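> let's see this in three dimensions:
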Amino acid sequence: MFRIMETARLILILSLSISTSLAKDPQRSSDQNVGIPCSAHRIWVWRPILDRFAKVNSSEELKNQVQGMSETIKELQTRIGHKDELLLLQAGQIKDQSARLNVLAKNMKVLRSEWLSAQDEIKNKDIQIQLGAAKIKHLSDELLSQCSRQDTCPTDGKGGIYKLKIRGLAAFEAPCSSNGWLTIQKRYDGSENFDRGWKDYKDGFGRVRGEFFIGLEKVHHMTRQRSHELYIKLGKIDGTTSHAHYDDFELGGESESYELKSLGRYNGTAGDSLRPHERKKFTTNDRDNDAYRFNCAADEYGGWWYYDCAKSMLNGKFYKEGRSRNGKTNGIMWGSWHNNDWTYSLTFVEMMIRPRIN
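Predicted coordinates:
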């Protein structure tokens, strides 16, 4: 619009200039125009107009360029605005990401702390597990030892001396027969003194390969844990033998003075001379538990389950000739087998037990 108005203005100026020139010199103008179409006068008249028109055109082009550059600048500014918005958006996103990274870093720190704590806890648990495993191994070994230990004589093995381990007692050696009988007392040559006090009878004495008494405490533990049979072999000076068998033999503990609590049923050839001693307490020369007004174990009678005093007495004094001396009645006796002749003394005795076979 600006360009059109400026052109119109220039044409108007040109027209006015020509009119003015003709008005001043009409004759001259007429003559000159007829003879020379492009006379100097015409050039003189038109030159300023043409120069100005050229200037106008030049200015118009410049304006066009400026306008184009302005539009370009506006477009660039628009683009820059868009870029700024995008940068602001990205800056916001970066800020959010940074906040998330900070949160993650804090979480990682917490997780690391928890991981370290868990490692310490795992280490402690490992130590506890190792200690527990060691304890379990110890208990297992002990249990296996208890389960596999020999706590009685083998029933189908070779006879001889076996090391036995009874629960609650130290291991000990004892003679075993080939069919499972364990010898708890043996007499045959008088090499061992049986006139002893309470402690010796409690713990046992003698040599298991010779004459000995295994000990009341051991017999108590064995017969308490399971039912046992009792088998007694007897021998006289003339070589004759006999036996007595009881199918439910049990001794009480020391607090019960090793009472002969049970014998069960009798079977045998020697007679039932132990029956009067059933449910009687054990007496030794230093501990009187019998019903007699004196101590039945005194004067070398040996320890036994006396009442007032005895029908049998297998821990009495050993007489190799088979009879007591000076009318004494302190020998090894089983009254029913030698017609209650109290001066008679047996020269062989073996008391054996084994778990009862039902």
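> touching, residue 208 and residue 173? I think so.
Yes: between residue 208 and residue 173 there is a contact under Cβ atoms under 8 Å: 5.2 Å. All C-beta atoms are positioned from the backbone trio N, CA, C, and that covers glycine.
> so for the two, which residue has more residues nearby?
More crowded of residue 208 and residue 173, by other Cβ atoms under 10 Å: residue 208, with 16 against 13.
> got the contact list for that one?
Applying Cβ atoms under 8 Å, 6 or more residues apart in numbering to residue 208 gives the contacts 161, 173-175, 183, 214.
> most neighbours among those residues, please name it.
Busiest of the contacts of residue 208 [other Cβ under 10 Å] is residue 214, holding 25 neighbours.
> how much space separates it from residue 248?
19 Å (Cβ to Cβ, to the nearest Å).
> same deal with residue 164?
For residue 164, the distance to residue 248 - Cβ to Cβ - is 21 Å.
> who has more neighbours out of the two?
residue 164 (19 against 15).
> so what's the backbone phi/psi at the more buried one?
Backbone geometry at residue 164, expressed as degrees, to the nearest 10, gives phi -110, psi 150.
> next: residue 76.
phi -60, psi -40.
> immediately after the longest strand seen in the chain, which helix or strand?
Among all segments of the chain classified by DSSP state E, the strand with the greatest residue count is strand 241-251. Counting by DSSP states H and E, the next helix or strand C-terminal to strand 241-251 is strand 260-262.
> so residue 115 lies in a helix, does it not?
Yes: the assignment for residue 115 is a helix, going by DSSP: H, G, I helix; E, B strand; the rest coil.
> any idea how far residue 351 is from it?
In terms of Cβ to Cβ, residue 115 sits 71 Å off from residue 351.
> and these two? Which one has more around it.
residue 351 (23 against 11).
> before we move on, which element is the more buried one in?
If you go by DSSP H and E, residue 351 is part of strand 348-355.
> in its sheet, what does that strand sit against?
The sheet places strand 348-355 alongside strand 182-187 (antiparallel), strand 228-235 (antiparallel), with pairing taken from DSSP bridges.
> CA atoms of the first one as CSV?
Output in CSV follows, covering the C-alpha atoms of strand 182-187 (Å, rounded to 0.1, in the frame of the first residue of the first chain):
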residue,chain,number,x,y,z
LEU,A,182,26.6,-111.6,81.3
THR,A,183,28.4,-112.8,84.4
ILE,A,184,27.9,-110.6,87.4
GLN,A,185,29.5,-112.8,90.1
LYS,A,186,31.9,-115.7,90.0
ARG,A,187,33.6,-117.9,92.6
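> lovely, talk soon.
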